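> Provided below for reference: sequence and predicted model.
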Amino acid sequence: MQIIQAHNGQQQISAYNRAVQFGDGHFSTLKILEHKICDWSYHRCRLLTANQRLAFPTLDLELIYHQLSKIAAVQANAVVKILVSRGESQRGYAFAADIEPVVLIYVSDWHAELFSYPDGISLISLDTQLARQPLLAGLKHTNRLEQVFIKQELTNKGAVDGLVFDTENHLIETSLANIFVRIQGQWCTPDLTYAGVAGTKRALLLEQASQSSEFTIRQKHITKAEIKDIEAAVICNALIDFVCVQSIDGRALNQQLAIQLIKGLQGLSHG
């Protein structure tokens with residue numbers, strides 16, 4: 001396994017890298033705060049799961065963690081993207097049995113204000129849909145063209161974030177996060193069997209809820225018709241943590257219920 005730490009202005013990756021040629025890769029983005037690698041166990045699990053499902057060569061996760069530790073020793077706060085490519089090959093989709101994976105590590109400065117939404121966040125319903133593909137559902141693979149179209153739609157509409165649906169009009173996620181919604185008194189999160197990304201903070205919240213006697217969270221298919229019934233909502237990812245949703249399509253939501261969920265489950269994790 002080869003590890004490359006990316007640096008601006010330097011040529012560091014072969015043109016024959018399969019992530020470049022075919023999007024044959026997967027990644028996870030984490031943050032370092034006060035020299036500590038946040039939620040590494042969840043990112044480790046995500047990388048391992050993607051590697052197994054995509055039949056990638058074995059990853060040396062301890063070597064990756066060692067590299068992250070060196071970064072954390074030098075930089076108190078940072079955003080780190082770990083991108084795993086299957087390796088290098090010539091033209092054609094086939095690859096050699098002994099192909100060597102390449103791990104790219106991108107480090108950027110942490111700017112807390114870019115990931116902070118103290119007053120909550122407003123969402124709009126987006127028209128760009130996600131294709132349903134159970135072979136890839138849940139994985140953060142490097143084929144992100146759908147997200148490019150989604151971000152373009154948001155830019156055109158002057159919005160920060162929005163609800164994303166699949167081609168069967170089921171709610172999947174937002175443009176930048178997983179989502180938890182309260183409908184008819186029940187907290188739930190979209191079923192990601194057919195599309196979407198299963199994020200690390202989503203995994204954390206589901207784990208905390210499974211240990212709680214006060215909060216239960218169902219994973220279910222949520223139709224577009226049910227959006228009008230959402231009482232409260234929370235979005236989450238590894239960089240923004242947990243953020244209350246202020247409104248959906250201009251309709252105000254109950255942020256107090258969202259705060260109760262976040263504080264209740266976070267209190268469980270620290271208890």
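Great, that's in hand. Being a predicted model, the structure only gives us computed values, none of them experimental. Residues are numbered from 1 along each chain as shown.

> residue closest to the middle of this structure?
A centroid search over the chain (C-alpha atoms, centre = their mean) returns residue 199, at 4.0 Å, as the residue closest to the centre.

> quick one: the closest residue to that residue other than its chain neighbours and residue 237, what's the gap?
Leaving aside its chain neighbours, residue 199 sits nearest to residue 178 (4.6 Å; criterion: C-beta to C-beta, 6 or more residues apart in numbering). The way it works is simple: take the backbone N, C-alpha and C, and place the C-beta from them, glycine included. For residue 178, the distance to residue 237 (C-beta to C-beta, to the nearest Å) stands at 7 Å.

> try residue 227
Taken as C-beta to C-beta, the span from residue 227 to residue 237 is 21 Å.

> who's more crowded, residue 178 and residue 237?
residue 178 (24 against 20; other C-beta atoms under 10 Å).

> and that one, what does it touch?
189-190, 196-199, 201-202, 235-237 (C-beta atoms under 8 Å, 6 or more residues apart in numbering).

> mind showing which ranges of this structure have poor pLDDT?
9, 11, 266-271 (pLDDT under 70).

> That one: helices as residue ranges?
For the chain, applying DSSP state H gives helices covering 18-22, 40-53, 61-74, 145-157, 200-210, 255-270.

> JSON lines please, covering the ones you listed and showing mean neighbour count and distance to residue 101.
JSON lines is the format used below for the helices of the chain (neighbours: other C-beta atoms under 10 Å; distance: least, C-beta to C-beta, whole Å):
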{"stretch": "helix 18-22", "mean neighbour count": "18", "distance to residue 101": "10"}
{"stretch": "helix 40-53", "mean neighbour count": "17", "distance to residue 101": "8"}
{"stretch": "helix 61-74", "mean neighbour count": "14", "distance to residue 101": "11"}
{"stretch": "helix 145-157", "mean neighbour count": "14", "distance to residue 101": "23"}
{"stretch": "helix 200-210", "mean neighbour count": "19", "distance to residue 101": "21"}
{"stretch": "helix 255-270", "mean neighbour count": "15", "distance to residue 101": "33"}
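
> Now tabulate the ones you listed in CSV and tack on distance to residue 110.
Shown next, in CSV, are these (distance: least, C-beta to C-beta, whole Å):
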stretch, distance to residue 110
helix 18-22, 25
helix 40-53, 16
helix 61-74, 12
helix 145-157, 21
helix 200-210, 16
helix 255-270, 21
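
> Minimum distance to residue 222: which of the ones you listed has it?
Distance to residue 222, taken as C-beta to C-beta, is lowest for helix 200-210 among the helices of the chain, at 14.2 Å.

> Tell me the helices and strands packed up against that closest one.
Helix 200-210 makes packing contacts with helix 40-53, strand 178-183, strand 186-190, strand 217-220, strand 230-237, strand 241-248, helix 255-270 when contacts are defined by 3 or more C-beta pairs under 8 Å, 6 or more residues apart in numbering; DSSP states H and E.
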